[in-house]
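> Make a model of this:
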Amino acid sequence: GVGGMSVVGQLAPIFKGVGYSAIMMVFLENVYYIIVITWTLFYLFNTFMDLPSLPWSDCSKGNGTWATVSCWAPESGIPYTESVAAMNNISEADTETAVEQFWRNEVLHASDGIEEIGEVQWDLFICLIVAWALVYGFIWKGLHNSGKLLWVCAVFPYIILSILCVKALTLEGASEGLKFLFTPEWERLYEAEVWIDGGTQIFFSYGVGIGSLLALGSYNKFHHNCHRDAIFVCCVNSFTSIFSACVIFSILGYMAHQKGVEVGEVVQSGPALAFLVYPEVVLAIAPSPFWAFLFFIMLLNLGLDTQFSSVESLMTGLVDNWPEQLRPHRKKFTLGMTVFMCLLGLPMITRGGIYVFQLMDFYAASGLSLLWCVFFQTIAICWVFGAKKFYLCIEEMIGYRVSMYWYVCWVFLAPAFMVFIFVFYFVRYSPITMGAYHYPAWGEVLGFAISLSSMLWVPGYAIYYLLSTKGSWSEVLRQGVTPVIKPRKEAVMAEEKARLTYQDVRDVELNIEGDLSDESFDS
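You can find the predicted model right below:
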């Protein structure tokens, strides 16, 4: 396996900082993304706590614990006029469902802001340990040894999502949710957050920029058709996004219909959306605990699949950069890193943890830092190493030339698009929020510091390279843009085979020319 840390540095040594930047981002991603798996395990365990129903099926189940006076569950059959919320003069639009209050008050025990970080939630702490134990159990030998597991993790969610989709589309109000999904709001294009969220979501969902594709792809054979795989992954990813969006917005339409509000007002967007939408729909499918179990198993599969790839990318990148020190001790090193990242995740399972998670989600491995890293990866590969060389390398591997459209994208369209989003973000900058909550100024500073922790590696290493490499400035710069590629054994064999094939063809041509010359001489 070859990690993302070393690849760019081999193509353009002065840009090796791009690799360090990618590794820093994937490290931060591993720290915070595991929290999604932690929440999933919490729900999975609680699915069996109140059989034959679910703990979040009714506000009465949370009396004295997580349910407040504003809790009202329309599906419980209790009219709003007879609910506790109505008795306390809380309008129907201001009520919260049992699902919403279970999430905020039982799962998160959320405080009023990041200023109130609070204590660690011990039930979530246990789930966090279980989550990391599952991850380590599958990747300690290397992810390439877990191929069958990855197939299960990839296929199973589609089965469950299809079942939920059928049910969601039959719910009352589902059509309004779909209408909201597919009706464009053109004025939103003037918002910088829309562009940066859309651009980085594509990068993140495709695994671009953080080294996971490079790490996993390095286990392929030299002549593996990576072009076909790239097209397939893009198509499947886009289909999955649209498919899951249809399910989610069908359920949001149902929830809006139940509460008598607009679809855009029914729940707040953010990392909690899946834990508000899907637990709601399983209440409408009997038996609810069974379908809740299947859904959270599906979510667990998706989360672990992403976490496996990210941790493998991190371990492969680090081991690949320091092979002599780390490769003989890979299992112990992986265990040590797992424990270290688990400890770093503790602030996100406190009462103020959701606000820390939101900061990490926005600044750590998406947004500015991801755009920055991918931009310089593109420059290093397509402008410094050379897009033509890259184009010919792909041809050598797969045996045919890809469309020139990709060449134009690599050299012009992709860099221009990233520069546009980056500049537009600062021109139309708006402070980060979570629903109605506005982060304090120091929270935003902390967020930018998280982004800079990965972004500064690019210029920092370039300056270090220029100052530490011997020679004149022109010599150092020439060395910095000259590839120092370490070819794989398969690549060397492929080049030798191509050379021998060419030589054989040339020998045949010379023999034919010799025969023709002899015939002419004889005549």
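
> and Val423, how many residues sit next to it?
11 (other C-beta atoms under 10 Å). No exception for glycine: its C-beta is placed from N, CA and C like everyone else's.

> in which helix or strand would I find it?
helix 414-427 (DSSP states H and E).

> Show me which residues of that helix are buried.
By neighbour count with 16 or more other C-beta atoms under 10 Å, helix 414-427 contains the buried residues 414-415, 418, 421-422, 424-425.

> can you check stretch 286-296 too?
288-289, 291-296.

> same question, stretch 51-63
Buried residues in stretch 51-63, counted by 16+ other C-beta under 10 Å: 54-59, 61-62.

> which two from those end up farthest apart in space?
Leu54 and Cys59 (12.7 Å; C-beta to C-beta).

> if we can go back for a sec, switch the buried residues of helix 414-427 over to JSON lines; also include pLDDT and distance to Glu115.
Shown next, in JSON lines, are those (pLDDT from 0 to 100; distance: C-beta to C-beta, whole Å):
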{"residue": "Ala414", "pLDDT": "90", "distance to Glu115": "40"}
{"residue": "Pro415", "pLDDT": "92", "distance to Glu115": "40"}
{"residue": "Met418", "pLDDT": "88", "distance to Glu115": "35"}
{"residue": "Ile421", "pLDDT": "85", "distance to Glu115": "31"}
{"residue": "Phe422", "pLDDT": "84", "distance to Glu115": "31"}
{"residue": "Phe424", "pLDDT": "84", "distance to Glu115": "31"}
{"residue": "Tyr425", "pLDDT": "80", "distance to Glu115": "26"}
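
> Tell me the one among these nearest to Tyr32.
Tyr425 (21.0 Å).

> Excluding covalently adjacent residues, which one is nearest to the closest one?
Ala192 (4.6 Å; C-beta to C-beta, 6 or more residues apart in numbering).

> Now do the buried residues in the one helix or strand Ala256 maps to.
Assigned by DSSP H and E, Ala256 belongs to helix 226-259. Judged by neighbour count using 16+ other C-beta under 10 Å, the buried positions of helix 226-259 are 227, 230, 244, 246-259.

> Check which helices and strands it sits against.
helix 147-169, helix 174-182, helix 192-206, helix 273-282, helix 387-398 (3 or more C-beta pairs under 8 Å, 6 or more residues apart in numbering; DSSP states H and E).

> quick one, the fourth one and helix 226-259 angle?
Spelled out, it's helix 273-282. Helix 273-282 and helix 226-259 are oriented at 60 degrees to each other (axes from the mean of the first three to the mean of the last three C-alpha atoms, to 10 degrees).

> Show me the contact partners of helix 273-282.
39, 43, 54, 56, 97, 99-100, 102-103, 107, 164, 167-168, 171, 248, 251-252, 254-255, 267, 288, 291-292, 295, 299 (C-beta atoms under 8 Å, 6 or more residues apart in numbering).

> quick one, that helix and helix 174-182 angle?
Using the same axes, to 10 degrees: helix 273-282 against helix 174-182 is 160 degrees.

> Helix 273-282 - what's its average pLDDT?
What helix 273-282 shows for mean pLDDT is 81.

> Dump it to CSV, keeping only the CA atoms.
Output in CSV follows, covering the C-alpha atoms of helix 273-282 (Å, rounded to 0.1, in the frame of the first residue of the first chain):
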residue,chain,number,x,y,z
LEU,A,273,-30.5,15.2,10.4
ALA,A,274,-30.3,11.4,10.0
PHE,A,275,-31.0,10.9,13.7
LEU,A,276,-34.2,13.0,13.5
VAL,A,277,-35.6,11.8,10.2
TYR,A,278,-35.1,8.0,10.1
PRO,A,279,-36.1,7.3,13.7
GLU,A,280,-39.3,9.2,12.9
VAL,A,281,-40.2,7.0,9.9
VAL,A,282,-39.6,3.6,11.6
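
> Pull the distance from the next helix or strand after it to the chain's centre.
Downstream of helix 273-282, the next assigned helix or strand under DSSP H and E is helix 288-321. Averaging C-alpha positions (C-alpha atoms, centre = their mean, to the nearest Å) puts helix 288-321 11 Å from its chain's average.

> Kindly report the same for stretch 178-194.
The chain centroid and the centroid of stretch 178-194 are separated by 22 Å, computed with C-alpha atoms, centre = their mean.

> Could you list the residues in contact with it?
The contact list for stretch 178-194 (C-beta under 8 Å, 6+ apart) reads 195, 245-246, 249-250, 252-253, 263-264, 424-430.

> Repeat the analysis, applying 6 Å as the threshold.
Applying C-beta atoms under 6 Å, 6 or more residues apart in numbering, the external contacts of stretch 178-194 come out as 245, 249, 263, 424-425, 428.
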